[in-house]
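Undergrad: Got a predicted structure plus its sequence, pasted below:
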Amino acid sequence: MSRPHFITRFMTAGALLAAGTLAHAHGDVAPQAVDTSGLPEVGEEWLTENPYRVEPAGEEVWLRAIEIGASGYTQNCARCHGLEVVSGGLAPDLRYLEAEEYGDEWFIERFRTGYTQNGITKMPAFGELLGQEAAWAIRTYVEARPDDGALDDFSDELKTMRDQFGAYAKSTDGADADAIKQRLMEIAEGIETGSGAPVADSVALRAARAIDGSAEAYETAAEILTIGLSAAN
């Protein structure tokens, strides 16, 4: 995607936020604490750029941030912005907030200060209540969400792999774990994010990371693909 396309989608989200979509107030949502154990501390001064991206934080920190961010988002944001960050139209679809610094600045400012319209709190100020690590973890999760239809080109193949994994969960005879992981990673690299971030938190990536050659791992990978493909539909 080109930068102008990012900006168009970001501005669309901003326009929605400022307009009638915020008629659905979330000022009455009681913020839920987010356990950020396992994430590097970033200090008291609020940053303007996400410190938990794959670069320079590394894959393990990025994955931990996504895990924590998913939980924090579900507890505090999903009611208005939609499960899995798929908006139902009542609030901006945050998947399309531009990746990297441009989107970071808008996100962190709104997260910290909230939004009030005509004296009515539409979004609470989460900053002091949840803290900076939680904010950036949620941002990491949101930024990595796959775009609409991102799995379409791979859906049939992933369904076939899911069925194979179900068989390998009973017997690993004939299973080539290295080749399977490699193919899942190739698929993962082809799945685009809504934000334009370079890596999607996709079911292909999760399944690839689950596989270690054991029958239990294939069962887990099959479950990941079953749930993920169902949600995509």
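TA: Yep, that arrived.

Undergrad: rest of the way, CA atoms for contacts and neighbours
TA: Noted.

Undergrad: How much space separates the most centrally placed residue in the chain from Glu55?
TA: For the chain, the residue nearest the mean C-alpha position is Tyr141 (3.1 Å; CA atoms, centre = their mean). Using CA to CA, to the nearest Å, one obtains 15 Å as the distance from Tyr141 to Glu55.

Undergrad: repeat for Gly228
TA: Distance, Gly228 to Glu55, using CA to CA: 26 Å.

Undergrad: So between those two, which is more surrounded?
TA: Legend: neighbour count by other CA atoms under 10 Å for Gly228 and Glu55, higher for Gly228 (17 against 10).

Undergrad: residues touching the residue found closest to the more buried one once you drop the neighbours it is linked to in the chain, list them.
TA: Closest residue to Gly228 apart from its sequence neighbours, by CA to CA, 6 or more residues apart in numbering: Val203 at 5.7 Å. Residues in contact with Val203 (CA atoms under 8 Å, 6 or more residues apart in numbering) are 188, 224-225, 228-229.

Undergrad: Check Ser214 too.
TA: Taking CA under 8 Å, 6+ apart as the contact definition, Ser214 lies against 169, 172.

Undergrad: was I right about Val61 contacting Tyr52?
TA: Yes: look at Val61 against Tyr52 with CA atoms under 8 Å: they come within range, at 6.4 Å.

Undergrad: So these two - more neighbours on which side?
TA: The neighbour comparison of Val61 against Tyr52 (other CA under 10 Å) goes to Tyr52, with 25 against 20.

Undergrad: What residue spans form the domains of this protein?
TA: Using automatic domain parsing, the domain ranges for the chain come out as 3-143, 152-232.

Undergrad: Reformat these as a markdown table; add mean pLDDT.
TA: Shown next, in a markdown table, are the domains of the chain (pLDDT from 0 to 100):
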| stretch | mean pLDDT |
| --- | --- |
| domain 3-143 | 82 |
| domain 152-232 | 96 |
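
Undergrad: Helices of this structure, residue ranges please.
TA: 3-18, 54-57, 59-76, 78-81, 100-113, 127-130, 132-143, 155-168, 177-189, 203-210, 215-232 (DSSP state H).

Undergrad: Out of the ones you listed, which one sits most buried?
TA: When the helices of the chain are scored by mean count of other CA atoms under 10 Å, the highest mean neighbour count falls to helix 132-143 (a mean of 27).

Undergrad: now the angle between helix 59-76 and that helix, please.
TA: 90 degrees (axes from the mean of the first three to the mean of the last three CA atoms, to 10 degrees).

Undergrad: got the CA coordinates for helix 132-143 in PDB?
TA: Coordinates of each C-alpha in helix 132-143 appear next as PDB, following Å, rounded to 0.1, in the frame of the first residue of the first chain:
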ATOM      1  CA  GLN A 132       2.300   3.200  29.000                       C
ATOM      2  CA  GLU A 133       3.300  -0.400  28.600                       C
ATOM      3  CA  ALA A 134      -0.400  -1.400  28.200                       C
ATOM      4  CA  ALA A 135      -1.000   1.400  25.700                       C
ATOM      5  CA  TRP A 136       1.800   0.300  23.400                       C
ATOM      6  CA  ALA A 137       0.900  -3.400  23.800                       C
ATOM      7  CA  ILE A 138      -2.600  -2.600  22.600                       C
ATOM      8  CA  ARG A 139      -1.200  -0.500  19.800                       C
ATOM      9  CA  THR A 140       1.000  -3.400  18.700                       C
ATOM     10  CA  TYR A 141      -1.900  -5.800  18.600                       C
ATOM     11  CA  VAL A 142      -4.100  -3.400  16.700                       C
ATOM     12  CA  GLU A 143      -1.400  -2.600  14.200                       C
END
